[in-house]
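Chemist: how would this look folded up:
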Amino acid sequence: MEIVLASFVFVVAALCAGTMGFAIQRGATCTVAAVDEVVRDRTFRRLAALLEAALWVAGGLLVAQALQVLPKMPAGYAVNAWTLVGGALLGFGAFVNGACVFGAIARFGSGEWAYLFTPVGFYVGCVSVGAVFATPTAEKLPYGSPVLQASAWVALLFAALALLRVGRPLLAGARSGRLRETVGSRAWSPHAATTIIGITFVVMLLLVGSWAYTDVLVELAHGMAASLVARCLLLLALLLGAALGGWTAGRFRSTRIAGRQVLRCFGGGVLMGWGSLLIPGGNDGLILVGMPLLWPYAWLAFATMCVTIAVAQLGVRRAAAPVGERAAS
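Modeler: Residues are numbered from 1 along each chain as shown. Below you'll find the predicted structure:
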């Protein structure tokens, strides 16, 4: 009976991982794209959507705590100089790669095979970080998350907001007779995608514990064997969900793997791997774990990542501008 229950739990978790990958691809979820939108268009729609994912996770944690099903949550870490160095490396790595760890999944889901080398590079970065940086052991905070001290009434409010966010588009589609088009739309709004990402992440957290795909690569790099096979299968489900998202949207285009792009994806992955262990946490873990729990190190690292991406993007734009325009600016 226990084996049947465990198998059922894993199947549900795998479906959630696949749904998360599907949503990442459909929403083109990516921190690099979000920062580029800020730099180029002066709009914050994608960036706000990423922050909204953290909000939904926080609400889901409160609901789980109110129902007394919340597992032990990861500890927070003290802010130090490595937090800033790690955030900068994470941002520069994402810039070099052309996508953050979320965006790499979305690009893979569109048939850009070179982005398979991003997690490979990330893994190599995790293995080699000790040879490059004399990093101290991250200092865990001695207290729990302030989010989990909130009243149960806040949990009810979040639950109502989540039902409204997910249910309103579906209800509108059903009333107009376009429910299938609403769900199967080729491109989801960033807010819709990150809402689904946040909700599926919470369900997976309750079923199989805290799970970010970069954590799987970190564990693989350091030989941590706890549920590693199952977690690798969840990573595979995430990739398959992204590929399904691209294929069903008609955006799946098998792209020839170019050597230059492979080097960028691999190199960007290495830099992000280094940054993730220095912080510690990849940008998926920061957005879906650290930031919802209101850990200061996570917010500082993510802000540093975004600023680094923006500076790099502005530097490239300035270098590419005609000499006269550069002089005028």
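
Chemist: identify all contacting residues around stretch 112-132.
Modeler: 93, 97, 99, 101, 104-105, 107-108, 135, 213-214, 217-218, 220-222, 254-255, 257-258, 261-262, 264-274, 276-278, 282 (C-beta atoms under 8 Å, 6 or more residues apart in numbering). All C-beta spots, glycine's among them, are computed from the backbone N, C-alpha and C.

Chemist: tell me where the stretch 201-329 of the chain has strands.
Modeler: Using DSSP state E, counting those that start in this stretch, no strands are found in the stretch 201-329 of the chain.

Chemist: all helices of the stretch 51-200 of the chain, in order?
Modeler: Here the stretch 51-200 of the chain has its helices, by DSSP state H, counting those that start in this stretch, at 81-97, 101-109, 117-132, 152-175, 179-184, 190-208.

Chemist: by mean pLDDT, show me the worst of those helices.
Modeler: In terms of average pLDDT, helix 179-184 trails the rest of those, at a mean of 48.

Chemist: returning to what we had before: in ChimeraX, how would I select the buried members of the contacts of stretch 112-132?
Modeler: The ChimeraX selection below is limited to those of the contacts of stretch 112-132 classed as buried (16 or more other C-beta atoms under 10 Å):
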select :93,97,99,101,104,105,107,108,213,214,217,218,220,221,261,262,264,265,266,267,268,269,270,271,272,273,274,276,277,278,282
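
Chemist: which ones among the contacts of stretch 112-132 map onto helices?
Modeler: Per DSSP state H, helices hold the following members of the contacts of stretch 112-132: 93, 97, 101, 104-105, 107-108, 213-214, 217-218, 220-221, 261-262, 264-274, 276-278.

Chemist: point out where the stretch 201-329 of the chain drops to low pLDDT.
Modeler: Along the stretch 201-329 of the chain, segments meeting pLDDT under 70 span 224-226, 251-252, 321-329.

Chemist: and the host helix or strand of residue 11, what other elements does it pack with?
Modeler: In this assignment (DSSP states H and E), residue 11 forms part of helix 2-26. Counting contacts by 3 or more C-beta pairs under 8 Å, 6 or more residues apart in numbering; DSSP states H and E, helix 2-26 is packed against helix 101-109, helix 190-208, helix 228-248.

Chemist: deepest in the core, which of these is it.
Modeler: Burial of the helices and strands packed on helix 2-26 is given as mean neighbour count (mean count of other C-beta atoms under 10 Å); helix 101-109 ranks first at a mean of 28.

Chemist: wait, residue 238 sits on residue 211?
Modeler: No. Between residue 238 and residue 211 there is no contact under C-beta atoms under 8 Å: 9.6 Å.

Chemist: between the two, what contacts are shared?
Modeler: With C-beta under 8 Å, 6+ apart as the test, residue 238 and residue 211 both reach residue 17.

Chemist: which residue is nearest the centroid of the chain?
Modeler: residue 284 (2.9 Å; C-alpha atoms, centre = their mean).

Chemist: isn't it up against residue 210?
Modeler: No. Residue 284 lies out of contact with residue 210 (C-beta under 8 Å); the separation is 11.2 Å.

Chemist: shared neighbours of those two, anything?
Modeler: The contact sets of residue 284 and residue 210 do not overlap (C-beta under 8 Å, 6+ apart).

Chemist: and the helices and strands packed on helix 2-26 as a markdown table, adding distance to residue 11?
Modeler: Putting the helices and strands packed on helix 2-26 into a markdown table (distance: least, C-beta to C-beta, whole Å) gives the following:
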| stretch | distance to residue 11 |
| --- | --- |
| helix 101-109 | 21 |
| helix 190-208 | 10 |
| helix 228-248 | 10 |
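
Chemist: of all these, which lies closest to residue 292?
Modeler: Closest to residue 292 of the helices and strands packed on helix 2-26 is helix 190-208 (C-beta to C-beta; 8.2 Å).

Chemist: for that closest one, packing partners?
Modeler: helix 2-26, helix 45-66, helix 152-175, helix 228-248.

Chemist: tilt between that helix and helix 228-248?
Modeler: Counting by axes from the mean of the first three to the mean of the last three C-alpha atoms, to 10 degrees, helix 190-208 lies at 150 degrees to helix 228-248.

Chemist: just checking, residue 281 touches residue 289?
Modeler: Yes. Between residue 281 and residue 289 a contact is recorded at 7.1 Å, counting by C-beta under 8 Å.

Chemist: more neighbours: the two, which one.
Modeler: Neighbours per residue, other C-beta atoms under 10 Å: of residue 281 and residue 289, the larger number sits with residue 281, 32 against 26.

Chemist: state the distance from that one to residue 44.
Modeler: Noted for residue 281: a distance of 23 Å to residue 44, by C-beta to C-beta, to the nearest Å.

Chemist: so what touches stretch 28-35?
Modeler: With C-beta under 8 Å, 6+ apart, stretch 28-35 has contacts from 23, 46-47, 49-50, 94-95, 97-100, 102-103, 106, 187, 190, 193-194, 197, 283, 305-306, 309-310, 313.

Chemist: next one: that stretch to chain centre, how far?
Modeler: Centroid separation between stretch 28-35 and its chain, computed with C-alpha atoms, centre = their mean, to the nearest Å, is 10 Å.

Chemist: buried residues in stretch 60-69?
Modeler: Across stretch 60-69, burial judged by 16+ other C-beta under 10 Å covers 60, 61, 62, 63, 64, 65, 66.
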